[in-house]
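Engineer: I'll drop the sequence and a predicted model, then ask my questions.
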Amino acid sequence: QVQLVESGGGLVQPGGSLRLSCAASGRFFSINAMGWYRQAPGKQRELVAAITNGGDTNYADSVKGRFTISRDNAKNTMYLQMDSLNSEDTAVYYCNADVRRTSWLRSSTYWGQGTQVTVSS
């Protein structure tokens, strides 16, 4: 089975920074695209940022210039550096990965359990 485990969430003041990590574990052949999503209370889950296994990135307009997504393929880990945080960034952040468990199977999407990010003074 494939597991994604997020860490790094917490409480931060407006203007502050946090770094989220998402580590993939288990038996698998390869990880394709990975991404960070977030869901605020009463709102739908939305894409924050995504990164291919080649390092191409994509960001939601609301976080461009403030958040940076990266990954370490050797460690099967993805990161989200979040700077200049504001109250609208408060949400549960989920990591997502498109994983091939074997070379002959199609990829499947996996989700982490989520980590809470709260921006408040």
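Structural biologist: Yes, it's here.
Engineer: Quick check: buried residues in stretch 100-115?
Structural biologist: Within stretch 100-115, the residues scored as buried using 16 or more other CB atoms under 10 Å are Arg100, Arg101, Ser107, Tyr110, Gly112, Gly114, Thr115. Just so you know, the C-beta spots here come from the backbone N, C-alpha and C atoms, and that holds for glycine as well.
Engineer: ok, the residue located most distally from the centre of the chain to Phe29 distance?
Structural biologist: Most distant residue from the mean C-alpha position of the chain: Trp104, 26.6 Å away (CA atoms, centre = their mean). Separation of Trp104 from Phe29 (CB to CB, to the nearest Å): 9 Å.
Engineer: Secondary structure element for the residue nearest the centre of the chain, which one?
Structural biologist: The geometric centre of the chain, computed from its C-alpha atoms, lies nearest to Trp36 (CA atoms, centre = their mean), at 2.8 Å. Using DSSP states H and E, Trp36 maps to strand 30-39.
Engineer: Just checking: what are the partner strands of that strand?
Structural biologist: Strand pairing for strand 30-39, determined by DSSP bridges: strand 46-51 (antiparallel), strand 91-100 (antiparallel).
Engineer: For Ala40, which of those strands is the nearest?
Structural biologist: strand 91-100 (4.2 Å; CB to CB).
Engineer: Which elements pack onto the helix or strand just after that closest one?
Structural biologist: Note on strand 91-100: by DSSP H and E, the next helix or strand toward the C-terminus is strand 108-111. Judged by 3 or more CB pairs under 8 Å, 6 or more residues apart in numbering; DSSP states H and E, strand 108-111 is in contact with strand 2-7, strand 91-100.
Engineer: mind saving the C-alpha coords of the helix or strand containing Ala23 as PDB?
Structural biologist: For Ala23, the host element (DSSP H and E) is strand 18-26. Extracted C-alpha coordinates of strand 18-26, given in PDB (Å, rounded to 0.1, in the frame of the first residue of the first chain):
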ATOM      1  CA  LEU A  18       5.600  27.600   7.300                       C
ATOM      2  CA  ARG A  19       7.000  24.700   5.400                       C
ATOM      3  CA  LEU A  20       4.900  21.600   4.700                       C
ATOM      4  CA  SER A  21       6.300  18.200   3.900                       C
ATOM      5  CA  CYS A  22       4.700  15.200   2.300                       C
ATOM      6  CA  ALA A  23       6.600  11.900   2.500                       C
ATOM      7  CA  ALA A  24       5.500   8.900   0.400                       C
ATOM      8  CA  SER A  25       6.100   5.400   1.700                       C
ATOM      9  CA  GLY A  26       5.300   1.800   0.800                       C
END
